[in-house]
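Asks: What shape does this take:
(2 chains)
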Amino acid sequence: MFGRLGVDALPFYSGIAAGGALVTVLGALAIAALLTRYRKWGVLWRDWLTSCDHKKIGIMYIVIALVMLLRGFIDAAMMRAQQAMALDSGGYLPAEHFAQIFSSHGTIMIFFVAMPFLTGLINFVVPLQLGKRDMTYPFLNLASLALTAAGAGLMLLSLALGRFSTAGWTGYPPYSELGFSPGVGVDYWIWATMLAGVGSTLSGVNFIATILFERAPGMTLMRMPMFSWTALCASILMVFAFPGLTVATLMLALDRAFDFQFFSNGLGNPMLYINLFWIWGHPEVYILILPAFGVFSEVVATFSRKTLFGYPSMVYATAAIALLSFGVWLHHFFTMGASANVNAAFGIATMVIAIPTGVKVYDWLFTMHRGRIEFHSSMLWAMAFMVTFVIGGMTGVMLAIPPIDYLVHNTAFLVAHFHNMLIPGALFGYFAGYAYWFPKAFGFTLDERWGKRAVGFWVAGFWLAFMPLYALGFLGMPRRMEQYSDPAWQPLLIVAAVGAGLIACGIASQIVQLVVSIRRRAALRDTTGDPWDGRTLEWATASPPPPWNFAATPVVHGLDAYAAIKAGRAPADTLPLTDIELPRNTPLGVAVLGLSFLFGFAMIWWIWWLAVLAGLGLLGVILLRAFDDHPEKTVSAAELARDDDTTLAEGRA
Amino acid sequence: MNTLATHAPHDEANAPDNSVVALGFWIFLLSDLVLFLLLLTSYLALLPNTGSGPGPTALFDLSRTALQTGALLLSSLTCGLATLALGEARRRALLGWLIATALFGVAFIGLELAEFSGLLARGAAPQASGFLSAYWLLVSTHGVHVSAGLVWIVVLAAQIGLRGLTPRIVSRFTRFALFWHMLDVVWIGIYSFVYLYGSLP
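Replies: Numbering: from 1, shown residues only, chains lettered A, B, ... in the order given. So this is what the prediction gives:
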């Protein structure tokens, strides 16, 4: 009846696991209690959960990312603490629990922090930058969010019910096969990533359709703001790369649940999984990084008070990186034993990616050169990124040389390298975007003092936490060690743990910043809609923007459309006001969330009847939507004119 | 007033624009094609992994798969004829061609199920080897797509019958036709690389 689910699924096997489960459950209860106390259930339902508005959906993505960042960081801090103390001793974590933690840390940070963060930023910003009212498929957008949220829900549930995977965030077979990993851990990993992955594929489709086919009149591709360009390239990668993850995890699921032989020893081929996984996995790195590059481009241009240096080269570099990212996946497993020529080809292709990336770094530097730089916290994130990221880039070129890779394969050097790419290269970019567009979303700016403290703690913490890992890699320390016996490693691991402590201070500063900013929102209020003297169209409308973004669709005459209007170099043209249609609210998004969560849950615990029911339910949602003849509501031109007090309206008047 | 009256504002400002909706569907189909490409590549990679089980030459019946191919190609033809009927707004002809498309699709699925049960009877279950796992996943993923297309036809036929050719339903039909033709393309890949190539001595 309930498949593998029984009382033994409860987390009483270790005090720490039970504590984690308790925090999760209490956190959920506390949120529910607060919502009840302040009578916000109605607001949550009407304004958020049922809304197809791209801005609301974007904000909800980012809320998921921030919540999951806390969870992922706690995992990281536990690992740093364990490794700092586990010389010749077991530390405080049993090996199996430690393995669950490094697996869930990676899974959460990639799939449920970075992906929702960048998807949220793209969702919120791109239609505004392109002078659009919404995404091309507003309901599909809500459904994608629901799938991501269902995956995140499964990740959280894995703390309380059953155990998570111990196979790392990459889930390599044959270890991740049922024979070596019995239990539900790998299945949690499979279905959480599968749901989120399908959501990302659909988001990518939506973004490409929106960006390629629906821009404001006059906005040619080469007049698009840089963030929209990077969003387009990242979306192309999502659409073409994510099938690799879907296929790999589906095959693994079939192996585990139905005894298929894709990756088994003997009858199957484990290397097939590793190839499929990285055919997705390498483009995924650029899915994470390109939108952050886009944020940096916007932030650097705005706070240097200059147009972006070398805009066309930035566009071509972005496109080149996107294209090349499909041709390098084998560098994740040079040690597979392919011939020297194959390894050399992939190594060279990998090094070639450094060229367009270098072009970008120079473009940002030249944008700053002779600019009037304002050291806003988002600009500080960008500057910290430039200094830190190039080091990660250089260690990447080292790793692209197969003989070096053989030496440091699966050591702490690799861990240092990819954190050096993804923390400055992706996360700092998202944080910069968060600080930069927060006033657009909520109508007040974030507190700068706490923002700058957060930058300081994060950057210092990053350097202390990860530079020692390069050295540890040279000392031969493998990744994912639960305990060790080489006393030379311990001092460096203690430094790394101190770094994690500083990052904890950075996160605390960000929480304080949010609380302080909300309390001081009257003083921080921005009534202009353009607090940074921005250059692109999203700053031409009110903050927060009305549901329709722009009362009348703006007409674009060049790059940096809004800066040109403000400088008097271009007229503030708009199309005439007309009646428009906006998507209606729909409860079906919540239905997708619940049903896909149940489906994933049933597949994890092998409760087949429930999986069939949930699958039929999802089909029912599609049919209900198909038979809904009025998914849009009309807003009249008169109503649009009444609420329009933006710069563009002044131009029109 | 500084507005541009020369543009056709209604089309540009109003959602949803059906041609854009169809263009976006192309992108989804491309993603789906990548999925099939990866399944096909995995099949080719696992082709040698037959273990002690039967290999492709012993298993495939080319005459039945030729019939399947014929059924699916004919269904694409009738789907094209349905598109022509739509262009002339002949609703009954459109419904007729849609039903013909569905019948050919059902014939295809029936033949496929017959093949599957034959394979099971000869012990060629997906659990028997890596080769068979990949074969079953590839071919049944295509079959599931065709079945989803059949459900889609039922929904479309019901909507056309109940509500006529509204712009929303016309747009949905256009996307269905794209989907159905893509499944044909995928099948030609499967037929060539799985059945023809696999039957070589």
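
Asks: For the rest of this, base every contact and every neighbour count on C-alpha atoms.
Replies: Fine.

Asks: downstream neighbour of the biggest helix by length in chain B in the secondary structure list?
Replies: Identified as the longest helix of chain B according to DSSP state H is helix B:130-163. Downstream of helix B:130-163, the next assigned helix or strand under DSSP states H and E is helix B:167-190.

Asks: wait, does the longest helix of chain B contact chain A?
Replies: Yes: counting by Cα under 8 Å from any Cα of the partner chain, contacts between helix B:130-163 and chain A involve B:130-131, B:133-134, B:155, B:159.

Asks: any chance you could map the helices in the stretch 451-600 of chain A?
Replies: Along the stretch 451-600 of chain A, the stretches classed as helices by DSSP state H, counting those that start in this stretch are A:489-519, A:521-524, A:561-566, A:588-605.

Asks: buried ones in the longest one?
Replies: By neighbour count with 16 or more other Cα atoms under 10 Å in any protein chain shown, helix A:489-519 contains the buried residues A:489-490, A:492-514, A:517-518.

Asks: Counting neighbours, which of the residues of helix B:130-163 next to chain A comes out on top?
Replies: residue B:130 (31 neighbours; other Cα atoms under 10 Å in any protein chain shown).

Asks: That one against residue B:49, yeah?
Replies: Yes: if you go by Cα atoms under 8 Å, residue B:130 and residue B:49 touch, sitting 5.4 Å apart.

Asks: any common contacting residues for those two?
Replies: Here residue B:130 and residue B:49 share the contacting residues A:267-269, scored by Cα atoms under 8 Å, 6 or more residues apart in numbering or on different chains.

Asks: Of these, which ones also sit close to chain B?
Replies: A:267-269.

Asks: Kindly reformat those as a markdown table containing secondary structure, neighbour count and pLDDT.
Replies: Formatted as a markdown table, these follow (DSSP: H, G, I helix; E, B strand; the rest coil; neighbours: other Cα atoms under 10 Å in any protein chain shown; pLDDT from 0 to 100):
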| residue | secondary structure | neighbour count | pLDDT |
| --- | --- | --- | --- |
| A:267 | coil | 24 | 90 |
| A:268 | coil | 27 | 94 |
| A:269 | coil | 21 | 95 |
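
Asks: Out of those, the closest to chain B would be?
Replies: Checking these against chain B with Cα to the nearest Cα, the nearest one is residue A:268 at 4.4 Å.

Asks: That closest one: what's it in contact with?
Replies: Applying Cα under 8 Å, 6+ apart, the residues contacting residue A:268 are A:261-262, B:46, B:49, B:129-131.

Asks: give me that answer again for 10 Å
Replies: A:174, A:255, A:260-262, B:45-46, B:48-51, B:129-134 (Cα atoms under 10 Å, 6 or more residues apart in numbering or on different chains).

Asks: What separation do you get for it and residue A:29?
Replies: 46 Å (Cα to Cα, to the nearest Å).

Asks: By residue count, which helix of chain A is the longest?
Replies: Longest helix in chain A, counting by DSSP H: helix A:270-304.

Asks: So for that one, mean pLDDT?
Replies: Helix A:270-304 carries an average pLDDT of 97.

Asks: Please apply the same query to stretch B:191-201.
Replies: Mean predicted lDDT for stretch B:191-201 stands at 89.

Asks: now for the longest helix of chain A, which elements pack on it?
Replies: helix A:115-129, helix A:226-258, helix A:311-324, helix A:340-368, helix A:377-399, helix A:412-422, helix A:429-442, helix B:18-46 (3 or more Cα pairs under 10 Å, 6 or more residues apart in numbering or on different chains; DSSP states H and E).

Asks: for those helices, which one ends up most surrounded?
Replies: Neighbour counts (mean count of other Cα atoms under 10 Å in any protein chain shown) averaged over each of the helices and strands packed on helix A:270-304 peak at helix A:115-129, with a mean of 27.

Asks: Hey, what's the angle from that one to helix A:226-258? Just curious.
Replies: Per axes from the mean of the first three to the mean of the last three Cα atoms, to 10 degrees, the angle that helix A:115-129 makes with helix A:226-258 is 140 degrees.

Asks: need the contact list for the closest residue to residue B:46 other than its chain neighbours.
Replies: Leaving out its chain neighbours, the residue that sits closest to residue B:46 by Cα to Cα, 6 or more residues apart in numbering or on different chains is residue B:131, at 5.0 Å. Taking Cα under 10 Å, 6+ apart, we find residue B:131 in contact with A:261-262, A:267-269, B:42-51, B:53-56.

Asks: Residue A:583 too?
Replies: A:51-53, A:134, A:137-139, A:547, A:630-634, B:15-16.

Asks: what's the farthest-apart pair in these?
Replies: Using Cα to Cα, the two most remote members of these are A:547 and A:630, lying 18.1 Å apart.
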